[in-house]
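**Student:** Following is a predicted model, sequence given first.
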Amino acid sequence: MKLVSLKEYFPSNVYSSLEKKGFEDLRPSQVKSIKAGLFKDKNLLVCTPTASGKTLVGELALLNTVLNKRKKGVYIVPLRSLASEKYEYFKETYPDLRIGIGSGDIDAVDTYLALCDIIIVTSEKLDSLIRHRVPWLEDLKTVIIDEIHLLNDVNRGPTLEVVITIMLEKFSDVQLIGLSATIGNPDSLKDWLKAELIEDKWRPVKLKKGILYENQMDFKE
């Protein structure tokens, strides 16, 4: 859908930011998220295929939080390596914003994060920051949970579940946005998150199934 046709849903400065970056069209999951209340602090669970545009949904929510609410946003990733990638991406994409990363020493308070607008963390690091009761958490407004299906992971799942539970109970005014390409029980998860479920099957490249035998690929119709 053309970006201009959704202008009425956008805060003006967020819309201008997308225009400056050359966006002309939005993908189905992005359109559905915006219409479902992305800019109205609604909790969302976005379950769409890989490369369908979920990350931008999180970015738009963070931009709205920083530019219009003068609050902080947190982007949770499952791995420290992914935290570094997201940190570099946000720094390059949004040079006017203060981007921070918290993925190193779990017990370090990292006081410099208080100066940041958007903070990239692992769930383990955010759990530690919460337990240390860092003051800047009072300014937290939006939390993006990338790969939220890892709640089922035996290693990282429990900590992520604790963090989300604390957000739901102690930070009830914080907007939660879960992103995933694969969730087995989206309805149950969206109920727990008190979120609107955003589903779509659109993908940028058509997915085909086939059988490879003796270097010959036979695709199903």
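**Tutor:** Noted; the coordinates are in hand. Numbering: from 1, shown residues only.

**Student:** Quick check: which element contains the spatially most central residue of the chain?
**Tutor:** In the chain, the residue lying closest to the centroid (C-alpha atoms, centre = their mean) is I144, at 3.4 Å. In the assignment (DSSP states H and E), I144 maps to strand 140-146.

**Student:** Quick check: neighbours of that strand in the sheet, parallel or antiparallel?
**Tutor:** strand 72-77 (parallel), strand 175-180 (parallel) (DSSP bridges).

**Student:** tell me the most buried of the ones you listed?
**Tutor:** strand 72-77 (a mean of 27; mean count of other C-beta atoms under 10 Å). Glycine gets a C-beta too; all of them are placed from N, C-alpha and C.

**Student:** Now the residue nearest to G100 when sequence neighbours are not counted, what are its backbone angles?
**Tutor:** Residue nearest to G100 in three dimensions, not counting chain neighbours: C116, with 3.3 Å by C-beta to C-beta, 6 or more residues apart in numbering. Dihedral pair for C116: phi -100, psi 150, per degrees, to the nearest 10.

**Student:** rewinding a little: so which of the strands paired with strand 140-146 is nearest L45?
**Tutor:** strand 175-180 (4.6 Å; C-beta to C-beta).

**Student:** Quick one: low-confidence residue ranges for this protein.
**Tutor:** 104-107, 202-205, 207, 221 (pLDDT under 70).
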